[in-house]
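Q: show me the folded form of this:
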Amino acid sequence: MTKAALPTSPFDSSRYVGSVTYISPDAIKINLPHAASVSARQYSGYPVLGGQVGEFVFIEGEGVAVLGRITEVQLPDSERLKAEPAVGERPDAHPIGYVQLLTTLELSQGSVISGIPQHPRIGQHVYSAHPLLVKHVIEGGLSDPEGTMELATIPEDFNTKVNVGPKQMFGRHCAVLGATGGGKSWTVARIVQEAARLGGKIILVDPTGEFHTYRDKVHTVFLGGRASGDQDDRTFVAFPYWELTEADLFAIFQPSPQSQVPKLREAMKSLKLKWLLDEEDTKAKAAASGAESHSGSDFPAGAEEKDLKAGLYVKANQPRKVFHQQWSRRLAQVEAEGARYDIAKLCFQIIEECVQEPASRNWGSYDDRTRSFCETLISKIYSLLRSPSLRCLFHPGEFESLTDHITRFLYSDDRVLRISMEFLSFEHGARELLTNAVARFLLGMARSGQFANMPTVVVLDEAHQFLNKSMGDENNRIHLDAFGLIAKEGRKYGLTTVLATQRPRDIPEDVLSQMGMFVVHRLINERDREVVEKACGSLDASAAAFLPTLGQGEAILVGVDFPMPTPVKVTKPRHPPKSEGPSFKNWRPQTASTVG
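A: All right, here's what the predicted structure looks like:
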């Protein structure tokens, strides 16, 4: 680490709090002669707590200062009654403090040394850590103050800011954890707004719409819902169904494995081939007539046309050889990700697949028995294609494309793309399915190198709703693991993620283990604390013990690039999210005059 001048001496006599009486590999005991004082002292405008739980202290050493944190303060049993002095008298007590050893500050270079290479000795003095020195230890690796995120302040001194570099925050992914009301949403808003201020690119998945208050260089689209009239200028988008995988569609339609799965698979295969053939035919006719090529509609209204055979690949009594030749010549195009087809024709194409086994070179005629096996599947597909909650998936022609907006966003002047899902129904697993599909689309862009020159961060709020989930029945179950894959491999492609959740126990362990930065707010549930403690390598039981008592907006920063778990007070975002609960101010008890 480069040499950095210390803002003040860690061994200032005015900040003396006690001396060392016991030493272990990871903790020490100290005398705290000032801990029985009623209130903290002030020196040069900064507080000197003098022995308070949670206080940072420096233990003097030879050329180094060991930084620790007081985790426990007590009186010897023989002095318990001395904590009850007469009124107006100072207690004649001798408190003892337990200090967790955190890291080491090398004095000549001003650099931070990981671990405790030189332990304190009995009798060495202990000093209350100056807030500016705590800031120095936290920010020791930051070389460009203007290129840092103003995230928080030191709890003991709200004028002392804690800055975090983008590489520290996003380089190895980030998790924002905390129970309801702990300040998690404010932290997400602060991170997004600071990243945007630095010129970063952020894709914010907003399940509830609470981040609508931030509009500075923000492009907002709504996945789900529809415009309320001509004056509604909101942008409603669809995620095109052809970007889903076969497994996604099988999880939605849930075909039976015996007869329905093969027919559904063949129907999709035939429709993709038919789309290509029609497109080639249109281009050939346009070229022959000298007219411009006509592009096919995103969602042709084939089902309502009189000619129900239009757009279908008819097989009954037709030569099989022609189909196989057409298929083999266009194999790469048909099996490519995102291959187009007309899902409005899917029910009718399944019927076209229900033909008798060929007795010659041709397919047989229609088979009513096979068709009867597919009737339940056809009915289910017909219903789902017309479901209002899935309209933004199966009717993309009515909306702008979300994938197009994502692609354009990367080359625009906007810093944040907010994808609001406040109007997207929970019915049919639409939220979980589409969120996973968006993440898979982003990962595909990353693998193709589109984030190489502009690293992009995708922020997922309420992550417990979307991770560690599965869809479908026992025969067609898929695991929604796209965000997990981003956490595991997105970093090398320039795509990182911020996952925010109030239920860490619902996030897969292998995903949490990929997080290099944690912002942990108040956690009350014991299992949540155990999961976080296990995921954060440097958050031991002593530091985790503070989690249930953190106030609103207070958090502990834990990271691979952080020398120690650091308590902070997250700075209020410039545009706080709208995350309040219901208001009960209009509740009034009924009186005789209001009844009847």
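Q: elements contacting the helix or strand that contains Val188?
A: Assessed by DSSP states H and E, Val188 sits inside helix 184-197. Where contact means 3 or more Cβ pairs under 8 Å, 6 or more residues apart in numbering; DSSP states H and E, helix 184-197 is packed against strand 149-154, helix 166-170, strand 174-177, strand 201-206, strand 456-460, strand 495-501, strand 566-570. Heads up, the C-betas are built off the backbone N, CA and C, glycines and all.
Q: can I get these in CSV including distance to His125, mean neighbour count and mean pLDDT?
A: Output for those, formatted as CSV (distance: least, Cβ to Cβ, whole Å; neighbours: other Cβ atoms under 10 Å; pLDDT from 0 to 100):
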stretch, distance to His125, mean neighbour count, mean pLDDT
strand 149-154, 23, 21, 90
helix 166-170, 32, 22, 90
strand 174-177, 37, 28, 94
strand 201-206, 47, 22, 97
strand 456-460, 45, 25, 97
strand 495-501, 42, 25, 96
strand 566-570, 24, 22, 91
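Q: just the buried residues of the lengthiest helix in the chain, please?
A: When the chain is parsed with DSSP state H, its longest helix is helix 260-289. Going by neighbour count (16 or more other Cβ atoms under 10 Å), the buried part of helix 260-289 is 260-261, 263-264, 266-276, 278-279.
Q: I'd like the average pLDDT over that helix.
A: For helix 260-289, the mean per-residue pLDDT is 92.
Q: quick one: list the elements packing against that helix.
A: Other helices and strands packing on helix 260-289, by 3+ Cβ pairs under 8 Å, 6+ apart, are helix 246-253, helix 320-329, helix 331-334, helix 346-353, helix 368-385.
Q: between these, which one is closest to Gly311.
A: Within the helices and strands packed on helix 260-289, the stretch nearest Gly311 is helix 346-353; the backing value is 8.4 Å (Cβ to Cβ).
Q: now for the closest one, which elements pack on it?
A: Helix 346-353 sits against helix 260-289, helix 368-385, with contacts defined as 3+ Cβ pairs under 8 Å, 6+ apart.
Q: CA atoms of the last one as CSV?
A: What follows is the C-alpha trace of helix 368-385 in CSV, where atoms were taken according to Å, rounded to 0.1, in the frame of the first residue of the first chain:
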residue,chain,number,x,y,z
ASP,A,368,-58.1,-38.1,-33.5
ARG,A,369,-56.7,-40.3,-30.7
THR,A,370,-53.4,-38.5,-30.4
ARG,A,371,-55.3,-35.2,-30.6
SER,A,372,-57.5,-36.2,-27.7
PHE,A,373,-54.4,-36.8,-25.6
CYS,A,374,-53.3,-33.1,-26.3
GLU,A,375,-56.7,-31.5,-25.7
THR,A,376,-55.9,-30.5,-22.1
LEU,A,377,-52.6,-29.0,-23.2
ILE,A,378,-54.2,-27.1,-26.0
SER,A,379,-56.9,-25.7,-23.6
LYS,A,380,-54.2,-24.7,-21.1
ILE,A,381,-52.1,-22.9,-23.7
TYR,A,382,-55.2,-21.1,-25.1
SER,A,383,-56.0,-19.8,-21.7
LEU,A,384,-52.5,-18.7,-20.8
LEU,A,385,-51.9,-16.9,-24.0
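Q: compute the inter-axis angle for it and helix 246-253.
A: For helix 368-385 against helix 246-253, the angle by axes from the mean of the first three to the mean of the last three Cα atoms, to 10 degrees is 90 degrees.
Q: list the buried residues of helix 368-385.
A: Thr370, Arg371, Cys374, Leu377, Ile378, Lys380, Ile381, Leu384, Leu385.
Q: who touches it?
A: 252-256, 258-260, 263-264, 343-344, 346-347, 350-351, 354-356, 390, 394, 428 (Cβ atoms under 8 Å, 6 or more residues apart in numbering).
Q: export stretch 393-413 as CSV, just CAs?
A: What follows is stretch 393-413, C-alpha atoms only, in CSV (Å, rounded to 0.1, in the frame of the first residue of the first chain):
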residue,chain,number,x,y,z
LEU,A,393,-44.9,-11.8,-22.4
PHE,A,394,-47.2,-13.4,-25.1
HIS,A,395,-48.3,-10.2,-26.8
PRO,A,396,-45.1,-8.3,-27.4
GLY,A,397,-46.5,-6.6,-30.5
GLU,A,398,-48.7,-4.4,-28.2
PHE,A,399,-45.7,-3.0,-26.3
GLU,A,400,-42.1,-1.8,-26.8
SER,A,401,-39.5,-4.4,-26.3
LEU,A,402,-37.6,-4.4,-22.9
THR,A,403,-34.6,-6.1,-24.6
ASP,A,404,-34.4,-3.2,-27.1
HIS,A,405,-34.5,-0.7,-24.2
ILE,A,406,-31.7,-2.5,-22.4
THR,A,407,-29.5,-2.5,-25.5
ARG,A,408,-30.2,1.2,-26.2
PHE,A,409,-29.6,2.2,-22.6
LEU,A,410,-25.9,1.0,-22.8
TYR,A,411,-25.2,3.6,-25.5
SER,A,412,-27.4,6.4,-24.1
ASP,A,413,-26.6,9.3,-21.7
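Q: can you tell me what sits against it?
A: The contact list for stretch 393-413, computed with Cβ under 8 Å, 6+ apart, reads 201, 203, 217, 219, 221, 223, 226, 235-241, 243-244, 297-299, 343, 384-385, 387, 391-392, 417, 419, 430, 433-434, 438, 441-442, 445, 450-451, 454, 456.
Q: buried subset of the residues you listed as a PyMOL selection?
A: Entered in PyMOL, the line below selects the buried ones among those, by 16+ other Cβ under 10 Å:
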select buried, resi 201+203+219+221+223+236+237+238+239+240+241+243+244+298+299+343+384+385+391+392+417+419+430+433+434+438+441+442+445+450+451+456
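Q: need the helices and strands packed on helix 260-289 in JSON lines with distance to Ile154 and mean pLDDT, can you?
A: Listed next are those as JSON lines, based on distance: least, Cβ to Cβ, whole Å; pLDDT from 0 to 100:
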{"stretch": "helix 246-253", "distance to Ile154": "48", "mean pLDDT": "93"}
{"stretch": "helix 320-329", "distance to Ile154": "67", "mean pLDDT": "92"}
{"stretch": "helix 331-334", "distance to Ile154": "59", "mean pLDDT": "93"}
{"stretch": "helix 346-353", "distance to Ile154": "60", "mean pLDDT": "96"}
{"stretch": "helix 368-385", "distance to Ile154": "54", "mean pLDDT": "95"}
